[in-house]
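What follows is a predicted protein model with its sequence.
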Amino acid sequence: MMKMIISVIIIHSYKKLIFDSSKFRCTNKKIGAGTNVWQFCVILENAIIGNNCNINAQCFIENDVIIGNNVTIKSGVQIWDGITLRDNVFIGPNVTFTNDFQPRSKQYPEKFLTTIIEENVSIGANSTILGGLCIGKSSMIGAGSLVSKNIPNNTLWYGNPASFKAFICDCGLKLDKNYFCLKCIKQFNLNTKNLLEST
Amino acid sequence: MMKMIISVIIIHSYKKLIFDSSKFRCTNKKIGAGTNVWQFCVILENAIIGNNCNINAQCFIENDVIIGNNVTIKSGVQIWDGITLRDNVFIGPNVTFTNDFQPRSKQYPEKFLTTIIEENVSIGANSTILGGLCIGKSSMIGAGSLVSKNIPNNTLWYGNPASFKAFICDCGLKLDKNYFCLKCIKQFNLNTKNLLEST
Amino acid sequence: MMKMIISVIIIHSYKKLIFDSSKFRCTNKKIGAGTNVWQFCVILENAIIGNNCNINAQCFIENDVIIGNNVTIKSGVQIWDGITLRDNVFIGPNVTFTNDFQPRSKQYPEKFLTTIIEENVSIGANSTILGGLCIGKSSMIGAGSLVSKNIPNNTLWYGNPASFKAFICDCGLKLDKNYFCLKCIKQFNLNTKNLLEST
């Protein structure tokens, strides 16, 4: 007989319901303390997930994945083999990653493409990220974008395909024309490749 | 020991399986009669949901949410804090809402952006709706769009970003050049801001 | 009392957890041998699914659906009434299909639109496919696209809306200007409508 499970969850005290790794006896130790995983997620056993992350409902995380600390992954996101999310990354809902440039059913590349999402990056809702790219530190991708290029640090990109829109501070605000953030009182300089904080 | 749940559901009589609020003893009374919630949904406890809605599988509904009557939400949709869906709204599959203009992981705005989806609006599949907008009565957003502006009543928009395409009737059909719907035999007039039904 | 189910699945031996139709006693016989269905999927009872398919987590498959053999469907995909996927089709994560051109909540067309995805097609991640279209054999749709036209065989399309980019081999590689695939050593010819393999 097939087992029927009614899996609608109406949450009256949802903090008790979600997975809290600090209270969870887990034979591998690859999910850090204070990380919450919400309902209906699937996490394969070799994924490495840091501390204090928030992984919202209905996500899927494959094996060859490294996720740093304080990372937020909203609902409906899959993190495939070959993808790394560094500390403080924000992944919006239904953001979609890829790891194969020419997928065919049941054909597998020798190695999946490697994608690096650097520290403090935010990827807006429902964006699509082609495989094999690096999204630089503190950059922000607007909602609904298709990212098809490497993204330099501290820049805002959006569109399909995403194009460069502005230089931004680590806080997310656009810099003024002198690369200064009025909110953080922080000066940046543009070197040949990337925006760097002045020291 | 970790409890393993095989959660594939093959539905032989799916009407019995889905959540029917009229038969469901629920301590809060915030989900209206005749509303069906399908499998693998998460609904936080303060969300208010009207009568005769259909919330398809794998959706997520946060707390500060008001959903009217006769609303359809297809699979893979999240309704975040600050979002209101009025009566007879249709939200296509994988439509993605947002409520924070510059998200950073673990940084929260004082107040999330407020989004209003007015009566009888339809939002096409996999569209992305920026936070803080109002989508006017009986408007229609084509599939795969990014909505970045307020949308007037009775208009069709699509694209990334979505742009104005046509005036439409409440039924969804394009109006002729005199703002008349041949199917409904209904005359509209264009006032300074919005299309209004003639009285 | 409401039953609470903690549905986070940390998979230590995931091959044992997923649904394997060859070992599953199922009263209807509409899911072929060797087909795996991952966690948190919903499949309605009249869907017909072939052999050796891989249906990843958090998918939804409606009733009036035919899926061939060796088909891959990644996470977050819904296959609605009226959609056919032929053998060897690859559907990327969060790809979104539609079957109603002018959806309104609680209004149903006499018949849903029919969509055919032909043999060996690949549809890239997070693409949106309008209803009523045919995507021709061995074609490939780039990630993040909106498909609004019929797609000829052996062609690559992407963008929003998707436009023609190149002729491709069944393997996925672009053909040279003589319609020859250097990898497969295979010659194609362009007839009036479609690219055909030389015989």
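Cool, got the structure. Numbering: from 1, shown residues only, chains lettered A, B, ... in the order given.

what number of residues lie near residue A:182?
The burial count assigned to residue A:182 is 11, neighbours taken as other Cβ atoms under 10 Å in any protein chain shown. For every residue, glycine as well, the C-beta is placed using N, CA and C.

Kindly report the same for residue A:148.
Around residue A:148 there are 17 other residues, counting by other Cβ under 10 Å.

My read is that it contacts residue A:130, right?
Yes. The pair residue A:148 / residue A:130 is scored as a contact, 5.1 Å apart, by Cβ atoms under 8 Å.

so how far does stretch A:114-130 reach from one end to the other?
Across stretch A:114-130, the terminal residues are separated by 10 Å (Cα to Cα, to the nearest Å).

List the residues that contact residue A:53.
The contact partners of residue A:53, taken as Cβ atoms under 8 Å, 6 or more residues apart in numbering or on different chains, are A:32, A:34, A:35, A:36, A:67, A:69, A:70, A:71, A:72, A:73.

redo that, cut-off 6 Å
The contact partners of residue A:53, taken as Cβ atoms under 6 Å, 6 or more residues apart in numbering or on different chains, are A:35, A:71.

so where do the helices sit in chain A?
If you assign secondary structure with DSSP state H, the helices in chain A sit at A:14-17.

Any regions of it where pLDDT drops low?
Across chain A, the stretches falling below the confidence threshold (pLDDT under 70) are A:1-29, A:192-193, A:199.

residue nearest the centroid of chain A?
Centre of chain A computed as the mean C-alpha position; nearest residue by Cα atoms, centre = their mean is residue A:91, 3.8 Å away.

And the residue nearest to that residue when sequence neighbours are not counted, how far from residue A:38?
The shortest distance from residue A:91 to any residue that is not its chain neighbour, by Cβ to Cβ, 6 or more residues apart in numbering or on different chains, is 4.6 Å, and that residue is residue A:73. Relative to residue A:38, residue A:73 is positioned 10 Å away (Cβ to Cβ, to the nearest Å).

Residue A:54 now?
If you measure residue A:54 against residue A:38 using Cβ to Cβ, the figure is 8 Å.

for residue A:177, same thing?
Relative to residue A:38, residue A:177 is positioned 42 Å away (criterion: Cβ to Cβ).

go on, residue A:30?
In this structure, residue A:30 and residue A:38 are separated by 18 Å, where distance is defined by Cβ to Cβ.

So for those two, which residue has more residues nearby?
Neighbours around residue A:30 and residue A:38, counted as other Cβ under 10 Å, are more numerous at residue A:38. The numbers are 24 against 18.

isn't that one right next to residue A:59, touching?
No. Under the criterion of Cβ atoms under 6 Å, residue A:38 lies out of contact with residue A:59, with a separation of 7.8 Å.

since we're on residue A:152, how many residues are nearby?
Residue neighbour count, defined by other Cβ under 10 Å, stands at 18 for residue A:152.

Residue A:116 too?
Look at residue A:116: counted by other Cβ under 10 Å, it has 17 neighbours.

Roughly how far does it sit from residue A:82?
From residue A:116 to residue A:82 the distance is 10 Å (Cβ to Cβ).

do residue A:103 as well
Residue A:103 is 13 Å from residue A:82, where distance means Cβ to Cβ.

do residue A:133 as well
Relative to residue A:82, residue A:133 is positioned 11 Å away (criterion: Cβ to Cβ).

Those two: which has the busier surroundings?
For residue A:133 versus residue A:82, neighbours defined as other Cβ under 10 Å are more numerous around residue A:82 (21 against 18).

wait, the more buried one sits on residue A:109?
No. The criterion here is Cβ under 6 Å, and residue A:82 misses it with residue A:109 at 9.9 Å.

Just give the number of residues close to residue A:114.
Here the number of neighbours of residue A:114 (other Cβ under 10 Å) works out to 15.
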